[in-house]
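what's the 3D shape of this:
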Amino acid sequence: TTTTTTTTTTENLKNKITAIYKERSMWERTKAFPKEVTKLYHEVNRYYHIQDAAKNTPRNAWSLKISGIPRRQWEQQRQIWEDLWGVIPIVMGYVVVPIFGNAFMILGVYQPRLFLSRQFHSDSEQFLFAALDSQENQRELSKLAPQLEALLKAQNTHHDPMMVQTAREMELFQLFFSEDKPINWDSLQRSYLIQMAVANGVMRPSYPSAMKHLYNACPAWCLKRLLRQYAKNIVQDDYLLLQDGYHNSSNNNNNKDGEVMTTLELVEACLRRGIPVTDNTESMRESLTNHLLTIQKIREFVRDEKSLQEALELYTLHLPMVRSQSG
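As a prediction, this is how the structure comes out:
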């Protein structure tokens, strides 16, 4: 019954999303493949040097920013490296292997979610694949709920309504920020780290069923490194979004300069933070704003940057579980 319900929900979501954008056929993806390889090359060439180019220019608008390059360009640079990790075997096979390289292309267009990056996806496919990843991540996160509940019950908590959004979020805050034996990365068991890696999709592709075997083969130090880098990127992105004022605007994720977060930027931001990706973009914008407001309150409360970093990484990765229980 659960499988049937999940399949129905997925199909309904697919129909709603593809009603917004035109979905491409396999033949259309095949015809577009060579141009999309070129697109990938140009994006790599453009964003790989984006920070160095700013540094080599004595006076520019970016040099005045504390964080360096603006949030949008920083996020594009992060994404390009993530994209390359997943797509490079297909592209290299297609480009390097004479004649038979077309087999790599066929494999990619047959399973675009698994083997190709966003440069090879239409807007519809990017939205749909993110929604499917979001559903799978939520299911995997739910498997960690009993262990997290046990950790929370062991803490003596009190709720300060000015601190975070809900009592459950306050319990989570005290779990990682408490001065009395807070939970840190070294205290998490390897089995817990594996499930965290699966649920967050820390490596591309973020297919839980496909990647679980790879994570099982990883030692604990490698899992911690992957999870910490994933969490650091979210923490840094939250900081940049707060600096740009995306949490203050009444115009749904406009920044202080009036720039609008596009739908696909919103989808990516929500996916990485464990906010459910659905066809209701207004609800997603509201959820992202609430997330940023919570992080802002924590940053204002915890001034010690050294203790803030690790605790905020753990808090950010665990927040989706508490958020779903509160909802």
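
nearest residue to residue 273 other than its sequence neighbours?
residue 291 (5.7 Å; C-beta to C-beta, 6 or more residues apart in numbering). All C-beta atoms are positioned from the backbone trio N, CA, C, and that covers glycine.

any idea how far residue 242 is from that neighbour?
Residue 291 sits 11 Å away from residue 242, going by C-beta to C-beta, to the nearest Å.

circling back to that earlier point, contacts only, for the residue nearest to residue 273.
When contacts are counted by C-beta atoms under 8 Å, 6 or more residues apart in numbering, residue 291 touches 238, 273, 275, 319.

just the CA atoms of the helix or strand containing it, as CSV, please.
Taking DSSP states H and E as the definition, residue 291 sits inside helix 281-301. Written as CSV, here are the backbone C-alpha positions of helix 281-301 (Å, rounded to 0.1, in the frame of the first residue of the first chain):
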residue,chain,number,x,y,z
THR,A,281,6.8,27.3,-5.2
GLU,A,282,5.3,29.8,-2.8
SER,A,283,5.3,27.3,0.0
MET,A,284,8.9,26.5,-0.8
ARG,A,285,9.9,30.2,-0.7
GLU,A,286,8.2,30.6,2.7
SER,A,287,9.9,27.5,4.0
LEU,A,288,13.3,28.7,2.8
THR,A,289,12.7,32.1,4.5
ASN,A,290,11.8,30.4,7.8
HIS,A,291,15.0,28.4,7.5
LEU,A,292,17.1,31.5,7.0
LEU,A,293,15.4,33.3,9.9
THR,A,294,16.2,30.3,12.2
ILE,A,295,19.9,30.4,11.1
GLN,A,296,20.0,34.2,11.6
LYS,A,297,18.8,33.8,15.2
ILE,A,298,21.4,31.2,15.9
ARG,A,299,24.2,33.3,14.4
GLU,A,300,23.1,36.3,16.6
PHE,A,301,23.0,34.1,19.7
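
pull out the buried positions in that helix.
Neighbour-count burial for helix 281-301 flags 281, 284-285, 287-289, 291-292, 294-299 (criterion: 16 or more other C-beta atoms under 10 Å).

what about residue 148, neighbour count?
Counted with other C-beta atoms under 10 Å, residues neighbouring residue 148 total 19.

that one against residue 318, yeah?
Yes - if you go by C-beta atoms under 8 Å, residue 148 and residue 318 touch, sitting 6.4 Å apart.

report the contact partners of the spatially most central residue of the chain.
Nearest to the mean C-alpha position of the chain, counting by C-alpha atoms, centre = their mean, stands residue 272 at 1.8 Å. Taking C-beta under 8 Å, 6+ apart as the criterion, residue 272 is in contact with 233-234, 237.

scan those residues and report the most crowded one.
Neighbour max across the contacts of residue 272 (other C-beta under 10 Å) = residue 234, 21 neighbours.

pLDDT at it, what is it?
Residue 234 is assigned 95 on the pLDDT scale.

so it is in which element?
Using DSSP H and E, residue 234 sits within helix 220-243.

report all helices and strands that that helix contacts.
helix 71-96, helix 190-200, helix 263-272, helix 281-301, helix 305-326 (3 or more C-beta pairs under 8 Å, 6 or more residues apart in numbering; DSSP states H and E).

worst mean pLDDT among these?
Of all the helices and strands packed on helix 220-243, the minimum mean pLDDT falls on helix 305-326 (a mean of 83).

now that one against helix 220-243, angle please.
Going by axes from the mean of the first three to the mean of the last three C-alpha atoms, to 10 degrees, helix 305-326 is angled at 90 degrees with respect to helix 220-243.

re the thing from before, can I get the helices and strands packed on helix 220-243 in JSON lines with distance to residue 108?
Converted to JSON lines, the helices and strands packed on helix 220-243 look like this (distance: least, C-beta to C-beta, whole Å):
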{"stretch": "helix 71-96", "distance to residue 108": "4"}
{"stretch": "helix 190-200", "distance to residue 108": "23"}
{"stretch": "helix 263-272", "distance to residue 108": "20"}
{"stretch": "helix 281-301", "distance to residue 108": "28"}
{"stretch": "helix 305-326", "distance to residue 108": "30"}
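
of all these, which lies closest to residue 37?
helix 71-96 (5.8 Å; C-beta to C-beta).

what is the closest one packed up against?
Counting by 3+ C-beta pairs under 8 Å, 6+ apart, helix 71-96 packs on helix 26-48, helix 50-55, helix 102-110, helix 112-115, helix 220-243, helix 263-272.

who's in contact with the fifth one?
Taking contacts as C-beta under 8 Å, 6+ apart, the residues outside helix 220-243 that touch it are 65-67, 70-71, 74-75, 78, 185-186, 188, 190, 193-194, 196-197, 200, 202-203, 215, 218, 247, 255, 269, 272-273, 291-292, 295-296, 299, 309, 312-314, 316-317.
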